[in-house]
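Enquirer: Pasted the sequence and its predicted model underneath.
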Number of protein chains: 4
Amino acid sequence: MTAERLGVAIAGVTGYTGIELARILSRHPRVDLCFLGGRSKAGEPIEMGAPSLASIVTGTVEELDPDRIARRAQVAFLALPHGAAADVAVPLLDRGLTVIDLSADFRLDDPEVHRIWYGEHTAPQLSGKAVYAMPEINRDRIRGARFLASPGCYPTAATLSLAPLVAEGWVDAGDLIVDSKSGASGAGRSASVANLLAETGEAMHAYNVTRHRHTPEIEMALGMVCGTDVRVTFTPHLVPMSRGILSTAYARPTTRRSAAEFQALYERYYREEPFVRVLPQDRLPDTAHVRGSNFIDIAVRVDERAGGRIIAIAAIDNLVKGASGQAVQAMNIALGIPETTGIDLPPMFP
Amino acid sequence: MTAERLGVAIAGVTGYTGIELARILSRHPRVDLCFLGGRSKAGEPIEMGAPSLASIVTGTVEELDPDRIARRAQVAFLALPHGAAADVAVPLLDRGLTVIDLSADFRLDDPEVHRIWYGEHTAPQLSGKAVYAMPEINRDRIRGARFLASPGCYPTAATLSLAPLVAEGWVDAGDLIVDSKSGASGAGRSASVANLLAETGEAMHAYNVTRHRHTPEIEMALGMVCGTDVRVTFTPHLVPMSRGILSTAYARPTTRRSAAEFQALYERYYREEPFVRVLPQDRLPDTAHVRGSNFIDIAVRVDERAGGRIIAIAAIDNLVKGASGQAVQAMNIALGIPETTGIDLPPMFP
Amino acid sequence: MTAERLGVAIAGVTGYTGIELARILSRHPRVDLCFLGGRSKAGEPIEMGAPSLASIVTGTVEELDPDRIARRAQVAFLALPHGAAADVAVPLLDRGLTVIDLSADFRLDDPEVHRIWYGEHTAPQLSGKAVYAMPEINRDRIRGARFLASPGCYPTAATLSLAPLVAEGWVDAGDLIVDSKSGASGAGRSASVANLLAETGEAMHAYNVTRHRHTPEIEMALGMVCGTDVRVTFTPHLVPMSRGILSTAYARPTTRRSAAEFQALYERYYREEPFVRVLPQDRLPDTAHVRGSNFIDIAVRVDERAGGRIIAIAAIDNLVKGASGQAVQAMNIALGIPETTGIDLPPMFP
Amino acid sequence: MTAERLGVAIAGVTGYTGIELARILSRHPRVDLCFLGGRSKAGEPIEMGAPSLASIVTGTVEELDPDRIARRAQVAFLALPHGAAADVAVPLLDRGLTVIDLSADFRLDDPEVHRIWYGEHTAPQLSGKAVYAMPEINRDRIRGARFLASPGCYPTAATLSLAPLVAEGWVDAGDLIVDSKSGASGAGRSASVANLLAETGEAMHAYNVTRHRHTPEIEMALGMVCGTDVRVTFTPHLVPMSRGILSTAYARPTTRRSAAEFQALYERYYREEPFVRVLPQDRLPDTAHVRGSNFIDIAVRVDERAGGRIIAIAAIDNLVKGASGQAVQAMNIALGIPETTGIDLPPMFP
């Protein structure tokens, strides 16, 4: 079976999504984790920057040299800061690798929209060229793709919680609200005062209200589902926990339907999905029930008192289904590996 | 000045709101904390049930005997479980005390609405008879009142964040959404598995979706402001922190107005309020910035991309402005004591 | 390979250690998880009491009927409250099952010591009859054993951090101090006020000072290592986190030795151990680096200023190496399955 | 009374201890907070760097200009990073101000010991010249002093927990162990990866084992109490909470005495102290019971099984009794203001 193993590289292995990729890929039966790349930590043993990985993966963090990566790997995961991915993606694609980028650089399919929200692109020739790798809504295009843009954490939870509603046209896709709550790991592993435990350990606040960059990504992803224009008011919040996103979405029904009808819709829509757990009407999602796993738990409710307004709630682990787990899921699909391979991780509770 | 001191009793002193009342009243210059009442802890020294109060308040927790309370106190705060307040309120009112109830028993002015959401009332003759003691919207009726119902924590944050909008008719009061996030102390101090640190320390979930009992209270309070029917979709969430509520509300504008107009409205509406801090457009509320204080921090935003939808965000300490601090504020107003007396507590950060 | 699978039962599957056993055993290649037993939740679908396990393990929680268990399983893990294990252990042993008990009921080999610390034994005929299943100090006796007592969480961290020192006689085994800090899951999953997030989320305290029941277990375990009497002052503390134990031990050297000598001793002593990571002198253990894994990270330091006092620090996940993971490790050894099978879980960071 | 008010300056007002000083001094009846100084935030409104203080203190953060400070203030609190205090202390002392420094720069009375642990002093002419301002052990020298070094957080808890024992010679002062646990605010308000919520929110570790700079300060402070050489093994730990220090100390008795004798000693030793709460044998300190207050809660225990070893446990709020509250207590004493003025703050629980 070793013969069938794929050489896989991680660029940015000492960030949170990089460490999570290493946690997952180190136990993936079809993967040979052959390159651990980074910038700030290059030259250091991996356990210095990522002590949790000691004796799980070994070796030294290496500079991101495309030729060296290409000599060993057929697949490269880019877990780099936004804006930094392009420099690495271009040479690796040129050398024939399958590239799975976890940054926002290649998610938006409209270069103009990217420019508005992120500014000038660092690799305009590739802008809009990657396949948006959210399996539940885009699986067919992921198959065989060689350049994949892994979705953002907020868009994953928001899109999958609303997809059945917009797909069926049961709600007004032009009038959606997504109120999301995220743990602190979503802010990444860089020094900051705002994310110190002392500042945020007993605190909660909203941020980037009406202007968070995930807004156009949510609208694009839902647009892929329903084929019409989508408009979302998106409000992200920081929650005093390490991992997890809880997304609470509000939608206006096009016609009144019963809770049972919505429940049936969700169960039908996600029947074949290995990582979507549609909860019954007597349970609600909790980030603690998906932690460490690639699951997304979803519940739908109807507020009969308020004109039948729909409330769709989803919980994910922002570093797994919201990042590294979903990226490995995309790799499996792209390369024809059984989809759940290496990511059928049970949640860790408590 | 001792001569002017009021005898004040606390019923339920070892619960979270009771302990917080003692923290505040023990330093209130016009108050003589003369009765510490409780049920489960009756007969024990106060520091057994409330170690933080050792050497701040002294004595033994006493049974809730109306005659004994009446002999010493002119004012009684009831910090008892919902449904238990009535038994104590009736005899104390009969004995001429000013009663300030922190439970939900007497908040709703419509007995029928109370019945629908809480079931049969334990003191129907008093249902709807108390003054709803939210100073910013009901100050005139609080003055001189002898029976006060202190507002719930969620309704306080939600109502004050939306009041200027509905007062002016700038939004559709029949189409409001309140997405609230609360720390665990809001659940009270009773044994439970659901609120164990191990269950919720790294967790977030919504609960009582579409059916939380604070829904009709928010609708009533906002109705007092605008005089028309109000309809709210209310979604509470549990956040892994001890104190604090962050409330994020969404409203549909009746006509398009600029952010500057909304900012000016809020600043004008709350200009005279000592405990409302309207934040400028470059800052957002954080529960960490009001912790331990009677402040409510409020910000308003306009989502120009989404039809000018209004987002109103508020942060309070659920045990102070959301409970005990607001109750003392009401006492001050009712008895003609300068309103900020004893509650001008600076927030504790971090 | 199915033919080689063992039928395994969990008694107490909805407690924290039971859920953790299910998380681990559901992915153990040699295990067929064939019985999910419990008391309070009997008759309910497993996902009601343990939502995280939905779609990982399925079925209904069953009453603890020995005959039914014996018909399906060859191995039973008992994750029941202290004192409750005996009732189940006896009939299962009689029916020929291999029993691995995670409670304290059968850990102490001296019935008299058990009586002093725990009171009268509920199954005196079995007291002292189980094999104390800490692989690193008792592997030989675990091989082939049919009745195993899985060690406590605190004793695991304390014993393994001090074992090399007492084994070599390099410290005075009669003069040891263990200062331990544990996350809240160690208190188990039962309703309580003391362990509410609101009480303990921003709190730290010591408890059961000089009289915690794990004291004699630590002394017994270290005594198994050195063959002489051991005396420990043990102080447990509650830390505001869900998982993890950090153990800081202090010992008096019998003669002065250098840090390098102690470092070499630890590396030599644990060279063959798959789950012990001895850290170099420039790193210290952190519970975040072992979370979710069966690893124990250990560091040793010498305080040259204080007569060469030895400080031995260890970090474990109290629910894995401190409970369920170590219990599965013992099962593997007892039944001749490769020791790391099913428990080579990478830590989850952050 | 305004006539009697003191002009007080805070240097470093947007750090944690600076914000805490402002919280306390803004309500101190004898203080006119007349200068808010800082470096990084100079020129900004105070509420930008310290939003919690909005409407509590007003104005702009000013550069640390000695002349401007001297024109307005008679007292200056220095809440600056270690090493930075000297530049400000010297000119202010020259201008006749009373200076209370919260850094470590002037705590150690032996310049050589300071050099060993901190390196060359930035103001050698002042090294060892300040009065060590721990009221419970040094009150007489604080009275009338004009240059005060406020103690460190760890040394405050450790020293006061052990002072009665070493004062009476009931333990061996040359053989002490202090195992301390601190919340994250102790690390200060500077950007770092190590103190991000995501890194430490579910983590615990020891740091600077055998070489933390507070070690010589603890030895000096206890030496002031007993007049003999003191030797301490000090191990600090980081706990996932914002505020609070729990200190667990271990000492060897010089002769066996009963728990009652030690209890009586502590109660006698601290009888007159307004901020020391000696707990009875049936209670133990918890950081949650002192949060936000200037109290230190202390308990003493005897481990009869272990040769009568003494365990002394203390809890403080590291930012109040461990820093800003104690500094204000020292100011009150130095200037002849009643000692508890402005710092008789009830703890905030939960």
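Expert: Received the coordinates, thanks. Residues are numbered from 1 along each chain as shown, chains lettered A, B, ... in the order given.
Enquirer: Show me which positions of stretch A:236-255 end up buried.
Expert: Under the neighbour-count criterion of 16 or more other C-beta atoms under 10 Å in any protein chain shown, stretch A:236-255 has A:236-253 buried. From N, CA and C alone the C-beta is placed, and that goes for glycine too.
Enquirer: how is chain A carved up into domains?
Expert: Per the record, chain A has its domains at A:6-151+A:322-335, A:154-318, by automatic domain parsing.
Enquirer: Provide a list of residues in contact with the residue in the stretch 1-150 of chain A that chain C sits nearest to.
Expert: Here the stretch 1-150 of chain A gets closest to chain C at one residue, residue A:52, 3.7 Å apart by C-beta to the nearest C-beta. Each residue near residue A:52 by C-beta atoms under 8 Å, 6 or more residues apart in numbering or on different chains is listed here: A:19, A:23, C:288-291, C:293, C:346-349.
Enquirer: List the contacts of the closest residue in space to residue A:309 that isn't next to it in sequence.
Expert: Excluding the flanking residues, the one nearest residue A:309 by C-beta to C-beta, 6 or more residues apart in numbering or on different chains is residue A:303, at 4.5 Å. Taking C-beta under 8 Å, 6+ apart, we find residue A:303 in contact with A:309-311, B:210, B:233.
Enquirer: Next to chain D, which bits of the stretch 1-150 of chain A? Give me the list.
Expert: residue A:16 (C-beta under 8 Å from any C-beta of the partner chain).
Enquirer: Show me where the stretch 1-150 of chain A has its helices.
Expert: Secondary structure of the stretch 1-150 of chain A (DSSP state H, counting those that start in this stretch): helices at A:16-25, A:46-49, A:66-72, A:85-94, A:111-118, A:135-142.
Enquirer: Highest mean neighbour count across those helices, which stretch is it?
Expert: Comparing these by mean neighbour count (mean count of other C-beta atoms under 10 Å in any protein chain shown), helix A:16-25 ranks first with a mean of 28.
Enquirer: quick one: is that helix near chain B?
Expert: No - Helix A:16-25 stays clear of chain B (C-beta under 8 Å from any C-beta), getting no nearer than 15.0 Å.
Enquirer: can you give me the mean pLDDT across that helix?
Expert: Averaged across helix A:16-25, the pLDDT comes to 98.
Enquirer: what do you get for stretch A:52-60?
Expert: Mean predicted lDDT for stretch A:52-60 stands at 96.
Enquirer: Alpha carbons of it, as CSV, please.
Expert: Only the C-alpha atoms of stretch A:52-60 are listed here, as CSV (Å, rounded to 0.1, in the frame of the first residue of the first chain):
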residue,chain,number,x,y,z
SER,A,52,1.7,18.8,20.2
LEU,A,53,3.1,17.1,17.1
ALA,A,54,6.2,15.8,18.9
SER,A,55,6.7,12.1,17.9
ILE,A,56,3.6,12.3,15.6
VAL,A,57,5.5,14.0,12.8
THR,A,58,9.2,14.5,12.8
GLY,A,59,11.8,16.6,11.1
THR,A,60,12.6,20.2,10.6
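Enquirer: hang on, the earlier thing: closest one to residue D:107 among the helices of the stretch 1-150 of chain A?
Expert: Proximity to residue D:107 (C-beta to C-beta) singles out helix A:46-49 among these, at 33.5 Å.
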